[in-house]
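*Asks:* What would the 3D arrangement of this be:
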Amino acid sequence: MPLETLPALTALAIATLFTPGPNNAMLAASGANFGFRRTIPHLLGVAAGFPLMLLIVGLVLGGLFQTSAVLRETLRWGGAVLLLWIAWKIMNSGGIGSKRADARPMYFVEAVGFQWINPKAWSMAVAATSQFILPSAPVITAAIVAAIFLMLGLGSAATWTYAGQAIARWLTTAKRLKVFNFVMAGLIVLSIIEILRH
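*Replies:* I've put the predicted structure just below:
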């Protein structure tokens, strides 16, 4: 990979990883509802899962995804339905110290797996791999792209989780927490609308 493309790749990674989207809204909500420590498996799953997806898409699935309209539409609509369900779960979360039996942060494996049905992740993966993975050196360039997204992804995931936990200090009443969870769920719904418009 030519060194002159690294700033563009880094800028793309920062723009896509740090802006609001399903992963970041979910991490902020989890940080607010369950605290930073309990959200670490979710955080690590997002940070590691997307670079793993990038690597696989870059080496194997990118062409198939680009040429199959049925696959693209299936993932887009299936992902939208799942995101709506997640938004519903966040909106009804019980918060830190919740007594609800089903209230828990996402597990590492769940967060890794979520990347594969997250329409924003697919859009980012196809865009990054088509622009920055060179056909003449697919393995090394795919590894570089994945490594940059891994490093910046850890920072992004930790930032959004910490922001959620910091906000939790002001979410000391059930009403405030409910409003926050509603806003986070709303961000996910807005991201779904944006995804489905394209």
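
*Asks:* tell me the SS of the residue located most distally from the centre of the chain?
*Replies:* Distance from the centre of the chain peaks at residue 136, with 29.6 Å (C-alpha atoms, centre = their mean). Secondary structure state of residue 136, per DSSP: H, G, I helix; E, B strand; the rest coil, is coil.

*Asks:* who touches it in this structure?
*Replies:* Shown in contact with residue 136 (C-beta atoms under 8 Å, 6 or more residues apart in numbering): no residues. Quick note: C-beta positions are derived from backbone N, CA and C, even for glycine.

*Asks:* Remind me which helix or strand residue 186 belongs to.
*Replies:* helix 174-197 (DSSP states H and E).

*Asks:* If you count contacts, what does that helix end up packed against?
*Replies:* Packing contacts for helix 174-197, counted by 3 or more C-beta pairs under 8 Å, 6 or more residues apart in numbering; DSSP states H and E, involve helix 22-34, helix 69-91, helix 119-132.

*Asks:* any idea of the mean pLDDT for the next helix or strand along the chain from the first one?
*Replies:* On the C-terminal side of helix 22-34, the nearest following helix or strand under DSSP H and E is helix 36-56. For helix 36-56, mean pLDDT is 95.

*Asks:* in helix 36-56, what counts as buried?
*Replies:* By neighbour count on 16 or more other C-beta atoms under 10 Å, the buried set for helix 36-56 is 36, 38-51, 53-56.

*Asks:* rewinding a little: of all the helices and strands packed on helix 174-197, which lies closest to residue 186?
*Replies:* Closest approach to residue 186 among the helices and strands packed on helix 174-197 (C-beta to C-beta): helix 69-91, 7.7 Å.

*Asks:* Out of the helices and strands packed on helix 174-197, flag the one nearest residue 161.
*Replies:* helix 22-34 (4.0 Å).
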